[in-house]
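Q: Okay, here's the prediction I keep looking at, along with the sequence it came from:
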Amino acid sequence: LMSIVTMLGFLTFGKSCSGLVLNNYSNKDFWMSGSRIAVAISLVFSYPLAFTGCRDGMMDILNIPMEKRSASLLNTLTVGLLTVLTIGALILKDVSFVLAFGGATLGNALTYVYPALMYRATIKQQGRTEENGAVMASLVSAVLGIVMGAIGAKMAIQNA
């Protein structure tokens, strides 16, 4: 579905298509105004969920033990991360680079690399040696994902 919508957006606007397709439509278009409102509502209500994951992941990266994760630490880290993200949003005027680079790197990692690595780890942990061929195929998929991600990231940087 996403690829069809993307293709239709590109076919409608061609190379002059904005990074956010809704920006290509007139502000006076009733249905597009409704779509903008729907996107805004979606962002407002999904952002806290994504941000909580980001904050908790940051604490995991910093190796902060669970017993030291006090309310004051959570508040301090929340304000710090929100400050960094807000400054980034103020500096960055075009979201298309973030979407392209993030899709190329994180999208490929989530789609091709991480599932293959998790599958390999599960098979190894369970000692199922009869599935070595499937593990090898999944690792080939992971390598292709890395190659596609590198190509996409290079293209995103070149087009920035």
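A: Everything's here; your move.
Q: Any figure for the gap between the residue of the chain most remote from its centre and Ala116?
A: Distance from the C-alpha centroid of the chain, by Cα atoms, centre = their mean, peaks at Glu130 (34.5 Å). According to Cβ to Cβ, to the nearest Å, Glu130 and Ala116 sit 18 Å apart. C-beta here means a position set from N, CA and C on the backbone, and glycine is covered the same way.
Q: Over to Leu73?
A: Using Cβ to Cβ, we find Leu73 at a distance of 35 Å from Ala116.
Q: same thing with Asp60?
A: 22 Å.
Q: Gly53 now?
A: For Gly53, the distance to Ala116 - Cβ to Cβ - is 22 Å.
Q: likewise Leu11?
A: Leu11 sits 33 Å away from Ala116, going by Cβ to Cβ.
Q: Then Met66?
A: 30 Å.
Q: dump the residue contacts of Ile157.
A: Going by Cβ atoms under 8 Å, 6 or more residues apart in numbering, Ile157 touches Phe101.
Q: Just the element for it, please.
A: Here Ile157 sits within helix 132-159, counting by DSSP states H and E.
Q: Give the buried residues for that helix.
A: 135, 138, 141-142, 145, 149, 152-153, 156 (16 or more other Cβ atoms under 10 Å).
Q: can I get those in a markdown table with pLDDT and distance to Lys28?
A: Compiled in a markdown table, the buried residues of helix 132-159 are given as follows (pLDDT from 0 to 100; distance: Cβ to Cβ, whole Å):
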| residue | pLDDT | distance to Lys28 |
| --- | --- | --- |
| Val135 | 92 | 56 |
| Ser138 | 94 | 50 |
| Ser141 | 93 | 46 |
| Ala142 | 94 | 47 |
| Gly145 | 92 | 42 |
| Gly149 | 93 | 40 |
| Gly152 | 91 | 35 |
| Ala153 | 93 | 37 |
| Ala156 | 89 | 32 |
